[in-house]
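# task: produce atomic coordinates for the following.
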Amino acid sequence: MDQYRGYTVAGMFLVNFVGSLSAFHYVLKHNSGFFSYADSIMPAFIFCAGFSYRLTAIRRFSEMGASQACWSYIKRSLALVLVSVSIFTFNADIGGSWVEMEESVGLSGALSEFAFKFFKSGMWEVLSIIGVTQILLLPFINKGAAARVIAIIVLPLLHVLLSWSFNYDFANGLPNWFNSFYGAHNGTVWDGGLFGPLAWSLPMLAGTLTYDMIAASTAPRACGRLIIASAVLMAGGYLTNCLSRLYDQNPELQAAIDTQRDSLTEQRDSAKAELDQLKAEIEALAAQEASSGDSEERPPASAEMVSLKRRERASAGVLKGIEKKIGSLGRIALDPVIPSGERLKNAQWAWAEYPFIRPEFGGQEINYWLMDKKRMVSLPFTLFSTGFGLFLYCLFIVIVDVCKLELGVFRTMGQNPLAAYIIHEMLLRGFDDLTPEDGPLYWGLLMFAVFFLLTYMMVRYLEKNRLFLRL
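Presented below is the predicted three-dimensional model:
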């Protein structure tokens, strides 16, 4: 496992470094519609986290008791979130000008908007995802295999259900019923966003079950069953991915798109009229307050003015979402998760493109059943990526446990993955100006080699001095 974890960390270095460089093949970059090598790294890392989670939980729950063990994991998981936020910042703000903020929504309103944006999309980098997913799985981590098998089925299916109900539109910044409670109408998400841990639970739970199989015998003896499990998961991922072919261009569905456009146009006109009314009220109130002022200094905004401007801001967000939805018609499916009866009636059943190959189907509408990690973390993606990661782990069992071959670089990275992750993120920023996006391949390879060597040397120094950062 140390060797395999080290491989995932090294793979993370590679795909994070070359992701923006045009000279490198698309398979080394993250993609929103199909499965690439770059997309395999994060699920494998979370799989490793699940393996270690189960290993430590058995001992921790036995020694500390359930309540103390749960509290210790909550603290450690929140510490991971804090580390993630410290590295990537909040990815949200309260406004560029204090005066404008106070006069538009007030401090409390700005903080509320900040919190909604942060929890929707700003905080979800890999360490935060691991931390929150661990908390989500606390009720199952010390249970038997049957309970975790049920969880590995129910939680991803719950993600599908929520995506059908509202989360697909929520993640893409389109109008949905959940926005009336939550806000953050137009923001999009990355790596699943607020509801992503439901999907990421699949590779983490797979890691816990893998540990059980190996602990019950040995890694080489369990390898055959693990390979079968990996094949089943990859097949499930590919077959569910084939549902995306239901969304190939179909002239029979144009009438439904036109009907939706007419309905949205009416909603847009109504939202625009409401926004214009609010603007008129704000102008009238501003004129009234200016005429009643006793000093030449600009008076602070009244509570009534702040309330009106909050409503204006929310109304503008609703209008922008409707306009975005209109612009997405014909590009994003009207029924992206559960195909409509009309779609099924006129369906052209076909196989999806194989993983690692960019699809070339013309006119396909964007839908949930693509292997999408970038935004939705779809079920086809989590199934296939978990199976692929498990297959690679089986290869490491053969290479390391059977053939007795190891790489020192994987050992170094695998035993100190958190330190390696933090160091590589810091160094990545330093190499931005040295690696232009349109640079030639040889330059990109040279800079990556320097970057990798520097990162390795720092982590190796920590290893030699027995300094390990563990959460």
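
# domains for the protein, by residue range?
With domains defined by automatic domain parsing, the chain comprises 2-248+348-464, 254-291+299-342.

# hey, least reliable of these by pLDDT?
Looking at these, the lowest mean pLDDT belongs to domain 254-291+299-342 (a mean of 87).

# distance of the residue sitting nearest the centre point of the chain from Trp200?
By CA atoms, centre = their mean, the chain has its centre lying nearest to Asp191, at 1.1 Å. Distance, Asp191 to Trp200, by CB to CB, to the nearest Å: 8 Å. C-beta here means a position set from N, CA and C on the backbone, and glycine is covered the same way.

# who touches both of those two?
By CB atoms under 8 Å, 6 or more residues apart in numbering, Asp191 and Trp200 have these common neighbours: Ile129, Val377.

# is the residue nearest to the centre of the chain part of a helix or strand, or is it coil?
Under DSSP: H, G, I helix; E, B strand; the rest coil, Asp191 falls in the coil class.

# counting by contacts, list what the longest helix belonging to the chain packs against.
As assigned by DSSP state H, the longest helix anywhere in the chain is helix 254-291. With contacts taken as 3 or more CB pairs under 8 Å, 6 or more residues apart in numbering; DSSP states H and E, helix 254-291 sits against helix 303-328.

# just checking, what packs against the helix it packs on?
So helix 303-328, by 3+ CB pairs under 8 Å, 6+ apart, packs with helix 98-104, helix 106-117, helix 254-291.

# state the distance from Ala235 to Arg76.
From Ala235 over to Arg76 the distance is 35 Å, taken as CB to CB.

# how about the longest helix of the chain: buried residues?
Of all the residues in helix 254-291, those buried under the rule 16 or more other CB atoms under 10 Å are Leu264, Gln267, Arg268, Ala271, Leu275, Leu278, Ile282, Leu285.

# for stretch 15-30, same thing?
Val15, Asn16, Phe17, Val18, Leu21, Phe24, Val27, Leu28, Lys29, His30.

# wait, the first one touches Ile41, no?
So the one you mean is Val15. Yes. Counting by CB atoms under 8 Å, Val15 touches Ile41, with 5.7 Å between them.

# neighbours of the nearest residue to Asp401 once chain neighbours are set aside, just the number please.
Of all residues not flanking Asp401 in the chain, Ala219 sits nearest, at 4.9 Å (CB to CB, 6 or more residues apart in numbering). The local packing of Ala219 (other CB atoms under 10 Å) involves 20 other residues.

# can I get the buried residues of helix 254-291 in TSV with distance to Leu428?
Shown next, in TSV, are the buried residues of helix 254-291 (distance: CB to CB, whole Å):
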residue	distance to Leu428
Leu264	41
Gln267	43
Arg268	42
Ala271	42
Leu275	42
Leu278	44
Ile282	45
Leu285	49
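
# returning to that earlier point: measure the residue nearest to Asp401 to Phe51 for me?
In terms of CB to CB, Ala219 sits 11 Å off from Phe51.

# one more: Trp164?
In terms of CB to CB, Trp164 sits 31 Å off from Phe51.

# which one's more surrounded, these two?
For Trp164 versus Phe51, the count of surrounding residues by other CB under 10 Å is larger for Phe51: 23 against 14.

# which residue is the nearest non-sequential neighbour of that one?
Closest residue to Phe51 apart from its sequence neighbours, by CB to CB, 6+ apart: Gly207 at 4.0 Å.

# Three-state assignment for that neighbour, please.
helix.

# count of residues packed around it?
Other residues near Gly207 come to 27 when the count uses other CB under 10 Å.
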